[in-house]
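J.: how does the following fold in three dimensions:
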Amino acid sequence: MSLADRIGLPMLRKLPPEAAHTASLMALKLGLGGGRGPVTSPRLRCSVAGIEMPNPVGLAAGYDKNAEVIAPLAKLGFGFLEVGAATPRAQPGNPKPRLFRLTQDRAAINRFGFNNDGMQAIAERLDAARVSVPVGLNLGANKDSADRAADFVAVLERAGAAVDFATVNVSSPNTEKLRDLQGKAALYDLLDRVMSTRDRHARGTKIFLKIAPDLTANELAEIVEVALQIRIDGIIATNTTLSRDGLSSAGKDQAGGLSGQPLFERSTRILAQLSHLTGGQLPLIGVGGVGSAAQAYAKIKAGARAVQIYTAMVYEGPGLAARIAQELDAMLEADGFASVGEAVGSGRDAWL
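T.: Numbers count the residues shown, from 1 in each chain. Purely as a prediction, here's the structure:
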């Protein structure tokens with residue numbers, strides 16, 4: 001852990017969770033994040049849906065909601081970044097408090113509700129960004145929207161050309177009935193509209209789908225069927241969970257989505273099932289509970305071509321991405337893999 005992490009983390013933990021989040025963004029804007037850029041090596045370099053990445057460790061959506069600190073984040077060792085979620089119109093999100101640390105469980109619960117500056121402001125920042133790693137945008141829908149699919153389309157139409165990938169987020173538990181869009185018929189209609197918009201306005205931008213970890217086997221199979229029919233470019237597994245199994249921290253009964261260590265096993269099993277169902281035809285990105293190189297490696301061996309982190313940085317500091325990438329490189333070498341790609345899916349059966 002770097003000196004900045006050792007000094008900064010205790011200070012941030014004295015603040016309420018959302019205030020600490022805001023303070024960390026301000027520190028990055030002031031150039032206090034440190035870092036030298038992406039960690040890379042011949043083993044770490046990888047390709048996800050044709051997107052070339054210096055390493056497979058990315059930042060999940062939700063931290064830099066408004067694309068305010070893309071350049072400082074790119075210095076912290078990440079192989080790629082995802083910002084957002086962005087909605088057509090700016091919205092304040094749900095009432096505060098809406099973010100809760102579960103320190104004993106190395107977890108967090110949030111019910112933000114897609115608070116963001118709106119697609120116009122976010123798109124302008126993306127247009128101006130110049131970074132050395134791929135950047136993606138998480139697409140969201142306004143809380144009061146009568147046509148949520150139209151919201152995803154609108155954000156993609158405005159901002160899609162400025163990013164390497166766009167993620168259709170139908171898995172947040174904090175916007176009422178949003179997860180209903182994971183149903184077969186609704187999902188087919190949504191993705192068909194999104195892909196048509198991509199082909200008209202953002203050719204070259206890859207389209208990913210982010211799913212929930214709380215799906216049944218049948219629901220998961222239907223999602224894969226639609227994804228393959230529509231020919232999206234990949235799936236991100238998974239978003240936060242509504243489960244509260246095994247938690248011990250105060251605040252464990254707060255409403256919202258649970259992220260962090262308790263999500264690791266659940267999300268990795270979903271990832272392995274996706275890998276099995278898709279037969280390797282769709283690139284997968286694993287997210288949920290990744291807090292170490294060993295956990296990142298487990299996701300990769302379960303079928304992920306890349307991984308994303310977020311909640312673990314609350315406990316391990318902003319230098320976590322670089323540490324995971326460096327240690328992952330050593331693990332791949334020790335196991336005789338010449339590249340990340342060779343390791344993908346090599347341990348999938350252990351999670352089925």
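
J.: how many neighbours does Ala19 have?
T.: 14 (other Cβ atoms under 10 Å). Quick note: C-beta positions are derived from backbone N, CA and C, even for glycine.

J.: would you mind measuring from it to Val153?
T.: Plainly put, Ala19 is 35 Å away from Val153 if you go by Cβ to Cβ, to the nearest Å.

J.: and Leu228, by the same measure?
T.: For Leu228, the distance to Val153 - Cβ to Cβ - is 21 Å.

J.: could you do Asn115 as well?
T.: From Asn115 to Val153 the distance is 21 Å (Cβ to Cβ).

J.: longest single helix anywhere in this protein?
T.: helix 184-201 (DSSP state H).

J.: list the buried residues in it.
T.: Neighbour counts over helix 184-201 (16 or more other Cβ atoms under 10 Å) mark Leu187, Tyr188, Leu190, Leu191, Arg193, Val194, Met195, Thr197, Arg198 as buried.

J.: how much space separates the last one from Phe337?
T.: Translated: Arg198. Arg198 is 33 Å from Phe337, where distance means Cβ to Cβ.

J.: so which residues of the stretch 151-300 of the chain form helices?
T.: In the stretch 151-300 of the chain, the helices defined using DSSP state H, counting those that start in this stretch lie at 184-201, 217-230, 264-278, 293-302.

J.: I'd like to know which of those helices is closest to Arg111.
T.: helix 264-278 (19.0 Å; Cβ to Cβ).

J.: now for the closest one, which elements pack on it?
T.: Packed against helix 264-278 by the contact rule (3 or more Cβ pairs under 8 Å, 6 or more residues apart in numbering; DSSP states H and E) you find helix 217-230, strand 234-237, strand 284-287, helix 293-302.

J.: could you pull up the mean pLDDT of it?
T.: Averaged across helix 264-278, pLDDT comes to 98.

J.: could you check the angle helix 293-302 makes with that helix?
T.: 20 degrees (axes from the mean of the first three to the mean of the last three Cα atoms, to 10 degrees).

J.: quick one: contacts of helix 264-278?
T.: 211, 213, 215, 217, 220-221, 224, 227-228, 235, 237-238, 241, 243, 282, 284, 286-291, 295, 298-299, 302-304, 345, 348-352 (Cβ atoms under 8 Å, 6 or more residues apart in numbering).
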